[in-house]
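> I need the structure of the sequence given here:
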Amino acid sequence: MLIDAIIEPFQLTFMMRALVVCVLIGVMCPFLGAHVINREMGFMGDALAHSVLPGMVGATILGFSPLLGAIPTGIVVALTIGYIVKKSNVSNDTSIGIMFTALFAFGLVLLSLHGDEEIHVEDILLGQITTISNTDVLVTVFLALVTFAIMVLLHKQLVFVGFDYEGAVVAGLPASRIDYLLLALLSIVIVVSLQIVGIILVVGMLITPAAAASLIAKRFSSAIVLGIVFGVASGVVGLYMSYYFNVPSGPAIALTSTAIFTLSFLNRLRTT
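Numbers count the residues shown, from 1 in each chain. Next up, the predicted model:
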C-alpha cells in the first residue's frame with residue numbers, strides 16, 4: 001500500500017536522522033541560495049565545498065565526526081577568500097580558484113597518506129545518509145537555528161547590501177562586515193549539506209531550488225519561500241529514491257532538484 005511505502009523508510013533510525021537533516025538543509029540552502037544567486041557567488045559555494053576536505057579528513061583521522069572538522073575549516077577559508085579579494089587586486093574568481101584547488105589537493109594527499117579503510121572517498125564526494133550520527137543531527141539543528149535566526153534578523157540589511165552595496169555604505173551600514181557574515185553563513189550551510197549531498201553535488205542543493213523559485217516568483221521574499229518549498233521537497237523525495245533504488249543520497253537529491261528546476265523552466269517558457 002501507498003501509506004506503507006511512505007512510512008517504511010522512516011522505521012529505520014538512520015533514515016529518521018537523515019530526514020531531519022534533509023529538511024533542515026532544504027530550508028537553509030535555498031534561503032541562503034537566493035542571496036548567493038543575487039550576488040553571483042555560485043562558484044564560491046562550489047569552492048567552499050571542495051576546500052573543507054582537509055578538515056573533514058583530519059577530523060576523521062582523529063576519531064571525530066567529519067562535520068566537526070569541516071565547520072571551522074569552511075569558515076576560515078570563506079573569510080580568507082573574502083579578505084584576499086578586498087585587500088588585493090586579485091579577482092574574486094582567481095582567489096577562489098587558488099584556495100579551492102590547493103586545499104582540495106591537500107585533502108586528497110591526506111587521504112592518500114593516511115590510507116584508512118574507514119574513510120570512504122565516495123561518501124565524502126557523493127554524500128551518505130547512513131553515516132549521520134546523533135551528534136551530527138544535534139550539531140546540524142543548532143547550526144540551522146543559529147543561521148536561520150541571523151538570516152531573519154538581518155534580512156533587510158543582507159538584501160540592501162546584496163542589491164546596492166555602495167548605497168548600503170552611504171546609508172551607514174557596515175557592508176563589509178555583512179559580506180563577511182554572509183560568507184561565514186554560507187560556509188556553515190555548505191558544511192552541513194555535505195553530509196547528505198557530498199562535496200561534488202552540494203551546489204545543486206544550494207543553487208538549484210533557489211534558481212527554480214526565481215523563475216516563478218516575482219519578488220525576492222517570495223523566491224526565498226518558494227525555494228524553501230522546493231528544497232525540502234528535493235530532500236525528502238531524494239531520500240525516498242535513495243532508499244528504494246539503493247543509490248547515494250547526494251545524486252538522488254540533486255536529480256530531484258534538477259527535475260524541479262526543469263519543470264519551472266518549462267513553465268516559464270509556456271507563460272512568456
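> quick one: low-confidence parts of the chain?
88-91, 115-128, 130 (pLDDT under 70).
> and the residue nearest the centre of it?
The chain has residue 190 as the residue nearest its centroid, 3.2 Å off, counting by C-alpha atoms, centre = their mean.
> from what I can see that residue touches residue 204, true?
No: with contact defined as C-beta atoms under 8 Å, residue 190 does not count as touching residue 204 (11.7 Å). For the C-beta atoms, the positions are set from N, CA and C on the backbone; glycine is no exception.
> tell me how many other residues crowd the residue nearest to residue 97 when sequence neighbours are not counted.
By the measure of C-beta to C-beta, 6 or more residues apart in numbering, the closest residue to residue 97 outside its immediate chain neighbours is residue 47, 7.4 Å from it. Residues lying near residue 47 (other C-beta atoms under 10 Å) number 26.
> residue 4 versus residue 47, what's the distance?
Between residue 47 and residue 4 the distance is 43 Å, computed by C-beta to C-beta, to the nearest Å.
> swap in residue 65?
For residue 65, the distance to residue 4 - C-beta to C-beta - is 33 Å.
> who's more crowded, these two?
Neighbour comparison, residue 65 and residue 4: the larger count goes to residue 65, with 18 against 7 (by other C-beta under 10 Å).
> ok, the more buried one touching residue 135?
Yes: Residue 65 is in contact with residue 135 according to C-beta under 8 Å; the separation is 5.8 Å.
> which residues touch the nearest residue to residue 133 once chain neighbours are set aside?
Leaving out its chain neighbours, the residue that sits closest to residue 133 by C-beta to C-beta, 6+ apart is residue 65, at 6.3 Å. Contacts of residue 65 were listed using C-beta atoms under 8 Å, 6 or more residues apart in numbering, and they are 59, 133, 135, 136, 139.
> residue 72 is in contact with the first one, correct?
Read it as residue 59. No: shown here, residue 59 and residue 72 do not form a contact pair, counting by C-beta under 8 Å, at 9.5 Å.
> out of the two, which sits in the more crowded spot?
residue 59 (19 against 14).
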